[in-house]
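*Asks:* Here is my input; please provide its structure:
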Amino acid sequence: MTTTKRASPDACTLLDTDHKKVKKLFTAYEELAHSKASGAPEKKRDLAMQICMELTVHTQLEEEIFYPAVREAIKDTDLLDEAEVEHASAKELIAQLQEATEVDEKFDAKVKVLGEYIDHHVKEERNELFPKARAARDLDLVAMRQQIAERKEELMADMSVVA
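*Replies:* From the prediction side, this is the model:
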């Protein structure tokens, strides 16, 4: 009987866990957007702000820790350039959502478009960037996972103080 050695959880695993969590939040928002339930606008705003917080922390983790390390370790950095541009677009929509005074059709549209951006971004990371990062010889993604987890805890604590 052969046993399959399972890879240790690494930075990519941790980042992908964030991706899955945010996907669930977008799905929940979409369900609320089509709901006629009372209190839906307040619930949508709360959910949208949670999405914004999760994405803000996630993008900061990638930009501070993951992307610079991967940029040093791989030759083809086009994917990282694209990811950073995608982050800038997402940050713009996040800012618009956070500044919105009304939860209206435009608000729903912005959340939907943000979700589409994030879906595209996640697919590129999962299918292209993470495999390249895992293949890089000089990149300790297991150690990086711990570094990202600790920084995430700090950022989430800071966000909850601000909120």
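*Asks:* tell me which helix or strand of the chain sits lowest on mean pLDDT?
*Replies:* Using mean pLDDT, DSSP states H and E, the weakest-scoring helix or strand in the chain turns out to be helix 141-162, at a mean of 91.
*Asks:* who does that helix touch, helix- and strand-wise?
*Replies:* Packed against helix 141-162 by the contact rule (3 or more Cβ pairs under 8 Å, 6 or more residues apart in numbering; DSSP states H and E) you find helix 11-33, helix 40-61. All C-beta spots, glycine's among them, are computed from the backbone N, C-alpha and C.
*Asks:* With mean pLDDT added, can I get these in JSON lines?
*Replies:* Below are the helices and strands packed on helix 141-162 laid out as JSON lines (pLDDT from 0 to 100):
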{"stretch": "helix 11-33", "mean pLDDT": "96"}
{"stretch": "helix 40-61", "mean pLDDT": "95"}
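*Asks:* out of those, which comes closest to residue 145?
*Replies:* Among these, the nearest to residue 145 by Cβ to Cβ is helix 11-33 (4.6 Å).
*Asks:* Give me the residues contacting the closest one.
*Replies:* Residues from elsewhere that reach helix 11-33 (Cβ atoms under 8 Å, 6 or more residues apart in numbering): 40, 43-44, 47-48, 50-51, 54-55, 58, 61-62, 65-66, 108, 111-112, 114-115, 118-119, 122, 125-126, 130, 133-134, 141-142, 144-145, 147-149, 152.
*Asks:* Buried subset of the residues you listed, written for PyMOL?
*Replies:* In PyMOL, a selection of the buried entries from the contacts of helix 11-33 looks like this (16 or more other Cβ atoms under 10 Å):
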select buried, resi 43+44+47+48+50+51+54+55+58+61+62+65+66+108+111+114+115+118+122+125+130+133+141+144+145+147+148+152
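*Asks:* What pLDDT does the model give the residue nearest to residue 76 when sequence neighbours are not counted?
*Replies:* In space, and not counting its chain neighbours, residue 76 is closest to residue 132: 7.1 Å by Cβ to Cβ, 6 or more residues apart in numbering. Here the pLDDT value assigned to residue 132 is 96.
*Asks:* Now do the same contact list for residue 132.
*Replies:* 70, 74, 76, 79.
*Asks:* The residues you listed: which two are farthest apart?
*Replies:* Spatial extent of the contacts of residue 132 (Cβ to Cβ) is set by the pair 70 and 76 at 10.4 Å.
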